[in-house]
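J.: how does the following fold in three dimensions:
(one chain, ligands or ions: 1)
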Amino acid sequence: MIGEDPQGTPNNLMPFLTQVAVGRRPYLSVFGNDYPTTDGTGVRDYIHVTDLAQGHVAALENGFLRSDSIPPSSDNNAPRFFIFNLGSGYGTSVLQLLHALEKACGKKLEYKFKHALLLLLLLLLFWKEREDERKLHLFVLFTNTRVVPRREGDIAEMYADSTLAEKSIHWKAKLSVEKACKFINFKKKKKKKREKKIDFYTFFF
Ligand SMILES: O=c1ccn([C@@H]2O[C@H](COP(=O)(O)OP(=O)(O)O[C@H]3O[C@H](CO)[C@@H](O)[C@H](O)[C@H]3O)[C@@H](O)[C@H]2O)c(=O)[nH]1
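T.: Modelled structure (predicted):
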């Protein structure tokens, strides 16, 4: 979600990238560039926090949070709520998001495809196994294009179909990813005391 600023080390892409943009972290580690997506990186649906809030307001205004607005069901155990997907309706890859943020903050954001050490280990592993791939791996090493481990449990691509929200509560996300990024406050925030300690996540992951 565009607009979040959690405490500690963020697990999610947007807050992590924002912290790189304000100089709180040196670079982003990209978890995988071998997905079947436009540039090999994971694709997700990002919306601005204000769009998300307006989606909730739209549901309230259209009476969708009142139990009498829900059609009766013969099944007494049927859930008494509606589910609406609130999303932009299109996917954005990790690198596309990074570039949108670069545009918004006006500087280059560093990113890495994980460690050289890992690359070296993989190289040694493949060395004996696959004779014909040696050259390729050496090329990878020397051109500094890093091997990219995926994050466990991640899927390649996911984005919302918000058609039902559009029809039922007349809600549609207003801000594109590019526009939403422009609302970010890129002024460097003071680090909280406990974040001043060496950040092992940043250095090792
Ligand atoms: O430092 C990072 C963080 C994320 N990513 C990638 O960025 C994309 C988005 O990741 P993230 O922001 O974590 O969102 P999701 O992968 O959609 O995961 C979130 O959404 C899931 C379901 O909606 C929940 O299950 C997870 O807990 C929650 O983190 C993915 O391709 C990640 O691999 C990176 O490359 N580097």
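
J.: so which residue of the protein comes closest to the ligand?
T.: Nearest residue of the chain to the ligand: G42, at 2.0 Å (Cβ to the nearest ligand atom). Heads up, the C-betas are built off the backbone N, CA and C, glycines and all.

J.: for that residue, give me its contacts.
T.: Shown in contact with G42 (Cβ atoms under 8 Å, 6 or more residues apart in numbering): 31-32, 35, 93-94, 154-157.

J.: and the pLDDT for it?
T.: Here the pLDDT value assigned to G42 is 96.

J.: circling back to that earlier point, restrict the contacts of G42 to contacts with the ligand.
T.: Near the ligand, judged by Cβ under 6 Å from any ligand atom, the entries from the contacts of G42 are 31-32, 94, 154.

J.: among those residues, who's most crowded?
T.: Counting neighbours by other Cβ atoms under 10 Å, V94 leads the ones next to the ligand among the contacts of G42 with 23 neighbours.

J.: of the ones next to the ligand among the contacts of G42, which belong to helices?
T.: V94 (DSSP state H).

J.: looking at the ones next to the ligand among the contacts of G42, which is nearest F81?
T.: Relative to F81, the closest of the ones next to the ligand among the contacts of G42 is D154; by Cβ to Cβ it sits at 28.6 Å.

J.: name the nearest residue to the closest one, ignoring sequence neighbours.
T.: Using Cβ to Cβ, 6 or more residues apart in numbering and skipping residues adjacent in sequence, the residue nearest D154 is G42, 5.8 Å away.

J.: report the separation between the one you found and A180.
T.: Counting by Cβ to Cβ, to the nearest Å, the gap from G42 to A180 is 18 Å.

J.: picking up where we left off before, in strands only, show me the contacts of G42.
T.: Mapping the contacts of G42 onto strands (DSSP state E) picks out S93.

J.: which positions in the regular element (helix or strand) spanning L17 come out as buried?
T.: Per DSSP states H and E, L17 falls inside helix 13-21. Using 16 or more other Cβ atoms under 10 Å as the test for burial, helix 13-21 gives 13-21.

J.: if anything else comes up later, I'll come back, but that's it for now.
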